[in-house]
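S.K.: Below are the sequence and a predicted model for it; my questions follow.
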Amino acid sequence: MANNASLEQDPNHCSAINNSIPLIQGKLPTLTVSGKIRVTVTFFLFLLSTAFNASFLLKLQKWTQKRKKGKKLSRMKVLLKHLTLANLLETLIVMPLDGMWNITVQWYAGEFLCKVLSYLKLFSMYAPAFMMVVISLDRSLAITQPLAVQSNSKLEQSMISLAWILSIVFAGPQNYS
């Protein structure tokens, strides 16, 4: 108890220390061999995912430029664009954070940044999941009510907007923990 009191009085002490691993006589946790393997695999997957998602977005952009003037982008391409953006967001936030967490084994950046990055991490994990739900709903409606879906792009935009909004809202409690 006296040790905790001295830590609370220390202005340089980070209150967001990982307390899940008990320290034995001041010995800090270190990067293990399995941690090094996880970091290597994570950064390799990060590079692959970034390259493939970015190339698909560029391909979608080229398709958009090639379409005839006045003709809208197909429903599926719009949905795929949002899914790819959500996946790219997840790649750029979750993978580097997990890789850095495995390297440092501890959190050094303070409580505020911990909450912000945890929020972004959760948001970027919700977004692709909700986009998959939107695609599933859109395809289901296209099969069950094909004529209604063809003429209703407002429904598509509403579902996409709702997916992004729900991702923002559901990640919110991360800031209050």
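M.R.: Alright, I've got the coordinates. What you see is a predicted model, and the numbers here were worked out from it, not measured in a lab.
S.K.: Tell me which stretches of this structure form helices.
M.R.: 2-9, 33-66, 75-104, 111-144, 146-150, 153-171 (DSSP state H).
S.K.: Now the weakest link among these, please, by mean pLDDT.
M.R.: Per-stretch mean pLDDT for the helices of the chain is lowest at helix 2-9 (a mean of 47).
S.K.: check contacts around the residue nearest the centre of the chain.
M.R.: The residue lying closest to the centre of the chain (C-alpha atoms, centre = their mean) is Ser124, at 2.1 Å. Ser124 is in contact with 86, 89-90, 92-94, counting by C-beta atoms under 8 Å, 6 or more residues apart in numbering. Where C-beta positions appear, they are placed from N, C-alpha and C, glycine not excepted.
S.K.: Tell me which of the helices of the chain sits most buried.
M.R.: helix 75-104 (a mean of 18; mean count of other C-beta atoms under 10 Å).
S.K.: what angle do that helix and helix 33-66 make?
M.R.: Angle, helix 75-104 to helix 33-66, by axes from the mean of the first three to the mean of the last three C-alpha atoms, to 10 degrees: 160 degrees.
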